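Asks: prediction below, plus the sequence it came from.
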Amino acid sequence: MNTLLTQNDTQRRDRMLTLGAAVIGLGLLFAFDSMFDRFTMQIFKLCAINVILALSLNLINGFTGLFSLGHAGFMAVGAYTCAILSMSPEQKEANFVLQPIMPVLLNVQMPFLPSLLIGGLLAGFIGWVLGVVTLRLRDDYLAIATLGFSEIIRVVLTNAQTITNGSLGLKGLPRFTTMWWAWGSAIVITLFLVLLIKSTYGRAFKSIRDNEIAAEAMGIDVLNMKVLSFTISSALAGIAGGLLAHYLTTIDPKQFIFLKTFDILLIVVLGGIGSITGSIVSAIVVTVLMEALRFLDGPLNLGFMVTNGIPGLRMVFFSALLMIVVIFRQQGLMGTAEFSWNSLARIGLLPKRGQKSGKGVE
Amino acid sequence: MDFQTFLQQFVNALSLGSLYALIAIGYTMVYGILRLINFAHGDVFMVGGYLAFFGISSFLIPWWLAFALAIVLTTAFGVGLERVAYRPLRDSPRISIMISAIGASFLIENLAIVLFDARPKAFPVAEFFAKNYVIGGVYVAGISLLIPIVTAVLLAVLLWIVNRTKTGMAMRAVSTDIDAARLMAIDVNRIVSITFAIGSALAAIGGIMWALKYPRLEPLMGIMPGLKCFIAAVVGGIGSIAGAVLGGLLLGMVELMTVAFLPELTGYKDAFAFILLIVVLLVKPTGLLGKNQGEKV
Amino acid sequence: MSSLLQTIDVNKKFGGLSAVTSLNMDVGAGDIIGLIGPNGAGKTTSFNLITGVYTPTSGKVIFNGQDITGMKPHAITHLGVARTFQNIRLFKEMSVLENVLVAQHMRMGANIFEATLRLPSYLKKEKHVHERAYALLEEVDLVEHAHAKATSLSYGKQRRLEIARALATEPKLLFLDEPAAGMNPQESVELMDFILKIRDQFNLTIVLIEHHMQLVMGVCKRMYVLDYGVTIAHGTPEEIQKDPKVIEAYLGVE
């Protein structure tokens, strides 16, 4: 019996393990911060941004069951808002060479946090409007309407010369997105989403995904819930966009073409549609792989022959991977399951938990 | 704007709209049968253009033979695409099939970048297509004149197939209820393959005509026309062939006429389709000629 | 007798086809009413019209003195109408417990901030709905499966879970759409006892659809017989049994 733990013990054990893992994680971040060169650091930051993007897309696609393809547009809104609000008037004047920036926007300058939040709020607001308009439609129309919306945003960004500097984009943004900002935001947002999904709202979202008609019959205001989920998802994408802008320090409308949404979709599908831990692991793995496989685009030495660089081979790999996963392992890495310490116990890495006992709040 | 200019724009719009219509039909037929947005349709269109290009430029065969071969090969490609990417998921949740379609589109585009090279290629246009004709004071390139005619002929053939042949009847049956059709001993896989064959052949013809009209090939050239034509199909009422034609023509008109009347909006041209889509869906969610299909409770 | 539910001349046409014609039902508080008829008679369509899934082409639905015609299903549920589905519609990827919890979402009245921040006010509500969910699962004998996936249950248990889930919405009026479908005779008889029990325990009014007339004779106070969307008879089980039109409709089919 001494290898079996009681419910309370396992709960305490899990809490200790989670705390321990968090401390180790933070320690590693700190170590990375001083150990690695800037290039490696950049990739770690990108991992964090992709975690936020994947989780926010998963909220709407995986947990609410709505197929939205508008993420690139919401990122763009967040990125541009955050950039314009946080740049200094001098930087703006230097950027807007074709036509001067609108006078109202010229002298606005805020610190990073409020700029980031306002970017998120604006993206959320636009998401809310779009949601109210399109979420009444059948599911696959939503995919095409959101995709269309994201293209509209891009066209507007390209043409609104006095606000966005058009296709020239914005250059020389302050490098605000440090390791701490990137991972700090990712951790806060992950925590928020975990709590949201575990709450009664999360259950309501999942019920819509599983059976919309039954959810409606159980008193769930389906339209309202969809709009809510879509708004939160858009706002988070906006925040990720702001982080991305100040990570790249250069943005232009072309970066937010809807193919960017596909990159995020790839992460979500590989990790498991409807799994938070799946999305996190997948975001990190895919981001690192995207960098690690860069050699595919360059000259290859295959032993018997040396090819000239084949740009695009890397993306062939990723798109083929997406196809293979969808056809042969639809549930991705995790399906709708989540990582738990108990799953480690099940494979013998930790002592086993005792019989489930008692009832009450889990 | 004088009448002459209007007429010129009208003819241009008619030509562009017919091309949209041709591609939109492929979307609408596949959607009608499988309830699937074939995201890769625009890429099939691109493949058609490239195959014709290689026929003429690399294999130096006459253009008409190159076109015929390109259409045949693209058709086979479209049918193969369905086999590999969609058939294994026929009974999966819709979201999986949609992701598979996106994945397929993504893969074809990236493969095209690797195989065809990302740099744009100039499509060789025979004199006959490029020559400008003047009809009643309106300038029309040979190809622009040809597009509406080709579309009209293909449409007539297609309507005949769907409404007058046994295969067409089976297609309509599968589209109404795939399970019931199976019970009626209709070979659903065969019908789906035929549908993809027709859709891909139309996409190939569309791709070739597009390349003749805008003689510049790029691996990502199918994305925008693909999206717009899907929108045309939805605007017209997805599942309806007449709707696809109406949607395509309407989209061509809206794009060119708006730019003609309000030149300052030229930069926003690519957004018109999406705005049209959202407006139509709000007013009539099933599209202009669409039928209502609710879920059975 | 005060009536809890009334349908006044409710019609539903799909295209040119009349699915339900002049449905006039009157259900008193505390009644168990049967809605019977052959396949395709319009029974489920009638349910859908009353619970808001479809909007009637014409006519009115009055619940508890309030006109609910054309209201959205969730709003009607809010007023105290719950239902089960003929072709079971559980939340597949969710646990048995979660299925019952989510049905209490609307009654919890928790806002998103207190729910996400897990404020004490929310934790109290959460504790309450868990206790209620377990009590309901106890009622339908599914407590031991609380953490299993809903779809891992056997067919009969899934039907019981659907009833528990409907009860969780705190209904006054409960619609059961072929609750005995797929059950063996023994289970069906037990089910009828169960229906009587929950009626008394939860103070319910129940309308149930059933295919087999004999089965519901014992529990129903009154019955409506539908054929091709038309109400061909209504009355007590004894009256129905003798009605020549009913015999004809049934003999034609079974």
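Replies: Looks like it arrived, so ask away. What you see is a predicted model, and the numbers here were worked out from it, not measured in a lab.
Asks: and the gap between the closest residue in space to residue A:82 that isn't next to it in sequence and residue A:284?
Replies: Sequence neighbours aside, residue A:242 is the residue nearest to residue A:82 in space, at 3.2 Å (criterion: C-beta to C-beta, 6 or more residues apart in numbering or on different chains). For every residue, glycine as well, the C-beta is placed using N, CA and C. As judged by C-beta to C-beta, to the nearest Å, residue A:242 and residue A:284 stand 21 Å apart.
Asks: tell me which of these two has more neighbours.
Replies: residue A:242 (33 against 20; other C-beta atoms under 10 Å in any protein chain shown).
Asks: just the pLDDT for that one.
Replies: Reported pLDDT at residue A:242 in the predicted model: 96.
Asks: my guess is it contacts residue A:121, does it?
Replies: No. Taking C-beta atoms under 8 Å as the definition, residue A:242 is not a contact partner of residue A:121, at 10.8 Å.
Asks: which residues of chain A lie near chain C?
Replies: Neighbours of chain C within chain A, by C-beta under 8 Å from any C-beta of the partner chain: A:192, A:195-196, A:199-201, A:203-204, A:206-207, A:209-211, A:213-222, A:228, A:274, A:336, A:356, A:359-361.
Asks: go again with 7 Å.
Replies: Applying C-beta under 7 Å from any C-beta of the partner chain, we find that chain A lies next to chain C at A:192, A:195-196, A:199-201, A:203-204, A:206-207, A:210-211, A:213-214, A:216-222, A:336, A:356, A:359-361.
Asks: quick one: which of those residues sit in helices?
Replies: Filtering the residues of chain A next to chain C for membership in helices, criterion DSSP state H, returns A:192, A:195-196, A:200-201, A:203-204, A:206-207, A:210, A:213-214, A:216-217, A:222.
Asks: tell me the buried residues within these.
Replies: Buried members of these, counted by 16 or more other C-beta atoms under 10 Å in any protein chain shown: A:196, A:200-201, A:203-204, A:206-207, A:210, A:213-214, A:216-217, A:222.
Asks: before we move on, the earlier item: can you give me the distance of the residue nearest to residue A:82 to residue A:83?
Replies: Distance, residue A:242 to residue A:83, using C-beta to C-beta: 8 Å.
Asks: do the same with residue C:182
Replies: For residue C:182, the distance to residue A:83 - C-beta to C-beta - is 60 Å.
Asks: comparing these two, which residue is more hemmed in?
Replies: Per other C-beta under 10 Å, whichever of residue C:182 and residue A:83 has more neighbours is residue A:83, with 30 against 14.
Asks: and that one, what element?
Replies: helix A:71-86 (DSSP states H and E).
Asks: then residue A:142?
Replies: Using DSSP H and E, residue A:142 sits in helix A:139-159.
Asks: now what about that helix, what contacts it?
Replies: Applying C-beta atoms under 7 Å, 6 or more residues apart in numbering or on different chains, the contact partners of helix A:139-159 are A:66-70, A:72-73, A:76-77, A:80, A:130, A:134-135, A:137, A:164, A:166-167, A:253, A:256-258, A:261, B:37, B:94, B:98, B:230-231, B:234, B:267-268, B:270-271, B:274-275, B:277-278, B:281.
Asks: swap in 6 Å and give it another go.
Replies: A:66-70, A:72-73, A:76, A:130, A:134, A:164, A:166-167, A:253, A:256, A:258, B:37, B:267-268, B:270-271, B:274, B:277 (C-beta atoms under 6 Å, 6 or more residues apart in numbering or on different chains).
Asks: how far is that helix from where the chain is centred?
Replies: Centroid separation for helix A:139-159 versus its chain: 18 Å, with C-alpha atoms, centre = their mean, to the nearest Å.
Asks: do the same with stretch A:79-94
Replies: Distance, stretch centre to chain centre, for stretch A:79-94: 24 Å (C-alpha atoms, centre = their mean).
Asks: what does stretch A:129-146 give?
Replies: Using C-alpha atoms, centre = their mean, the offset of stretch A:129-146 from its chain centre is 20 Å.
Asks: now it: buried residues?
Replies: A:130, A:131, A:134, A:135, A:137, A:140, A:141, A:142, A:143, A:144, A:145, A:146.
Asks: same question, stretch B:157-173
Replies: Result for stretch B:157-173 [16+ other C-beta under 10 Å]: buried residues B:158, B:162, B:167, B:168, B:170, B:171, B:173.
Asks: average model confidence for stretch A:119-137?
Replies: pLDDT averaged over stretch A:119-137 gives 91.
Asks: which residues touch it?
Replies: Stretch A:119-137 is contacted by residues A:74, A:77-78, A:81-82, A:142, A:145, A:149, A:226-227, A:230-231, A:234-235, A:238-239, A:242, B:281, B:285 when judged by C-beta under 6 Å, 6+ apart.
Asks: can you check stretch C:227-243 too?
Replies: With C-beta under 6 Å, 6+ apart as the test, stretch C:227-243 has contacts from C:18-21, C:37, C:41-42, C:217, C:220, C:222-225, C:245-246, C:249.
Asks: would you map the strands across the stretch 1-150 of chain C?
Replies: C:3-14, C:17-23, C:26-28, C:32-36, C:58-63, C:66-67, C:81-83 (DSSP state E, counting those that start in this stretch).
Asks: ok now whichever strand or helix holds residue B:72, how far from the chain's centre?
Replies: Per DSSP H and E: residue B:72 is located in helix B:63-81. Relative to its chain's centre, helix B:63-81 lies at 15 Å (C-alpha atoms, centre = their mean).
Asks: equivalent analysis for stretch B:190-207, please.
Replies: Averaging C-alpha positions (C-alpha atoms, centre = their mean) puts stretch B:190-207 10 Å from its chain's average.
Asks: for stretch B:32-49, same thing?
Replies: Distance of stretch B:32-49 from the chain centroid (C-alpha atoms, centre = their mean) equals 8 Å.
Asks: would you mark the buried spots in the lowest-mean-pLDDT helix or strand in chain B?
Replies: Lowest mean confidence among the helices and strands of chain B (mean pLDDT, DSSP states H and E): helix B:127-130, at a mean of 79. Neighbour counts over helix B:127-130 (16+ other C-beta under 10 Å) mark residue B:129 as buried.
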